[in-house]
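A.B. asks: Need coordinates for the following:
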Amino acid sequence: MKIGVAGGGAFGTALGVALALDGNAITLWARNPDAVATMQTTRLNPKLPDVPLPPKMDFTAAIDDLLGCDILLLAVPAQTLRPFLEPLAGRLDGKYLVACCKGIDLTRMTGPGTSITELVPTATAAVLTGPSFAADIACGLPTALTLACADDAHGAILQTALSTTALRLYRTTDIIGAELGGALKNVMAIASGVAIGAGLGESARAALITRGFPEMQRLAAALGAMPDTLGGLSGFGDLVLTCTSPQSRNYRCGVALGQAAGFDQATTVEGAATARAVRQLAQELDIDLPICAVVADLIEEKTDVAAALNALLSRPLREE
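C.D. replies: Residues are numbered from 1 along each chain as shown. Model prediction:
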């Protein structure tokens, strides 16, 4: 089957590189024709400057070239996934559409898998998520991810098609759990970055990770996820990675917040939008998610680090 990648960012490019090096012919679509021309002529993507782009990767700004593929890896930001799919919905019948973004749609309070199912019900929707950095995937370093597809038979087809020697996919039918794990860990990564940026120390970060994980589990359970999913790669695995590494954009954003420093507004930080969505969901579902609420307030400058810390530390003592 022909594989296409929608999105010329670091992660989509890295997936394309890994699959191309494994022998697949890859078509990568990017919205910006200048970016496409750069990749075609230099065989480099400035967002992955040290990674040569393999000969089996082709680049295009023409959407028709992408729609000729059987499997589409949707590596566009979560908040732009629906606008990307809506005008194409009638041309995606029967395709495998794999969301490779992490977040919750602010307008509908749903994850990327739900967006695919609602807009293209005749397609096979899947979510690819888990602990991974683009540079690691592109360099062929061992990486394990979760592939979530409600139809297990189709999930097995995708698992075979998208696995490589170094990129190992584990499949599940729990799309809700997988996409929530990938979205919510970004919020906790911002919180962890705030702790380090504000000089609160490693112990504080460990506490945030540990107490943040049950928040993720509570919301996932309320929304119908399987109990064990959040304990796997798409939840706990991704949580550990993004809360502890400066390679994480969300973590770096948190560090900047903790230092009261500026952060590049052009950098996609999915956890910022997700925190606001989660705060609203928690209110609607009457679920206590204090770390998520504090992160949303910090993002919107409704509080500062000192007040946020005081709010968390002044909560009633309770059993673990």
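
A.B. asks: So what's the gap between the helix ranked longest in the chain and the chain middle?
C.D. replies: Determined from DSSP state H, the single longest helix within the chain is helix 175-197. Remark: helix 175-197 is offset 9 Å from the chain centroid, using Cα atoms, centre = their mean, to the nearest Å.

A.B. asks: After that helix, which helix or strand is next?
C.D. replies: Once the chain leaves helix 175-197, the next helix or strand it forms, by DSSP states H and E, is helix 202-222.

A.B. asks: Now do that following helix against helix 175-197, angle only.
C.D. replies: Using axes from the mean of the first three to the mean of the last three Cα atoms, to 10 degrees, the direction of helix 202-222 lies 160 degrees away from that of helix 175-197.

A.B. asks: what about dumping the CA coordinates of the helix or strand following helix 202-222 to CSV?
C.D. replies: Sequence-wise, the next helix or strand downstream of helix 202-222 (DSSP H and E) is helix 238-244. What follows is helix 238-244, C-alpha atoms only, in CSV (Å, rounded to 0.1, in the frame of the first residue of the first chain):
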residue,chain,number,x,y,z
ASP,A,238,4.8,9.2,27.0
LEU,A,239,4.3,11.0,30.3
VAL,A,240,7.7,10.0,31.5
LEU,A,241,9.4,11.0,28.3
THR,A,242,7.9,14.5,27.9
CYS,A,243,8.1,15.4,31.6
THR,A,244,11.8,14.8,31.8
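
A.B. asks: can you start the count at 14 instead of 1 from here on
C.D. replies: From this message on, residue numbering opens at 14, which makes the last subject helix 251-257.

A.B. asks: Identify each buried residue in helix 251-257, please.
C.D. replies: By 16 or more other Cβ atoms under 10 Å, the buried positions in helix 251-257 come out as 251, 252, 254, 255, 256, 257. C-beta coordinates here come from the backbone N, C-alpha and C atoms, glycine included.

A.B. asks: mind listing what the residue lying closest to residue 254 once chain neighbours are set aside touches?
C.D. replies: Spatial nearest neighbour of residue 254, excluding adjacent residues (Cβ to Cβ, 6 or more residues apart in numbering): residue 144 at 3.9 Å. Going by Cβ atoms under 8 Å, 6 or more residues apart in numbering, residue 144 touches 156, 157, 158, 246, 250, 251, 253, 254, 255.

A.B. asks: gap between the nearest residue to the third one once chain neighbours are set aside and residue 159?
C.D. replies: Same thing as residue 158. Excluding its sequence neighbours, the residue lying closest to residue 158 (Cβ to Cβ, 6+ apart) is residue 143, at 3.7 Å. In this structure, residue 143 and residue 159 are 5 Å apart, going by Cβ to Cβ, to the nearest Å.

A.B. asks: Need the overlap of contacts for those two.
C.D. replies: Joint contacts of residue 143 and residue 159 (Cβ under 8 Å, 6+ apart) are 246, 247.

A.B. asks: Now do the nearest residue to residue 88 once chain neighbours are set aside: how many residues are near it, please.
C.D. replies: Closest residue to residue 88 apart from its sequence neighbours, by Cβ to Cβ, 6+ apart: residue 25 at 2.9 Å. Residue crowding around residue 25 was assessed by other Cβ atoms under 10 Å; the count is 24.

A.B. asks: and residue 25, how far is that from residue 296?
C.D. replies: With Cβ to Cβ as the criterion, residue 25 and residue 296 are 34 Å apart.

A.B. asks: If I look at residue 330, what pLDDT would I see?
C.D. replies: We have a pLDDT of 65 for residue 330.

A.B. asks: list the helices and strands the helix or strand of the chain with the lowest mean pLDDT packs on?
C.D. replies: Every helix and strand in the chain was compared by mean pLDDT, DSSP states H and E; the lowest is helix 318-326, with a mean of 86. Applying 3 or more Cβ pairs under 8 Å, 6 or more residues apart in numbering; DSSP states H and E, we find helix 318-326 packed against helix 303-312.

A.B. asks: And the helix it packs on, what does it pack against?
C.D. replies: helix 188-210, helix 215-235, helix 262-271, helix 283-298, helix 318-326.

A.B. asks: In TSV: those helices, plus mean neighbour count and distance to residue 312.
C.D. replies: What follows is the helices and strands packed on helix 303-312, written out as TSV (neighbours: other Cβ atoms under 10 Å; distance: least, Cβ to Cβ, whole Å):
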stretch	mean neighbour count	distance to residue 312
helix 188-210	30	8
helix 215-235	18	16
helix 262-271	24	8
helix 283-298	21	5
helix 318-326	14	11
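
A.B. asks: need the ones you listed in a markdown table with distance to residue 136, can you?
C.D. replies: Formatted as a markdown table, the helices and strands packed on helix 303-312 follow (distance: least, Cβ to Cβ, whole Å):
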| stretch | distance to residue 136 |
| --- | --- |
| helix 188-210 | 13 |
| helix 215-235 | 24 |
| helix 262-271 | 29 |
| helix 283-298 | 23 |
| helix 318-326 | 41 |
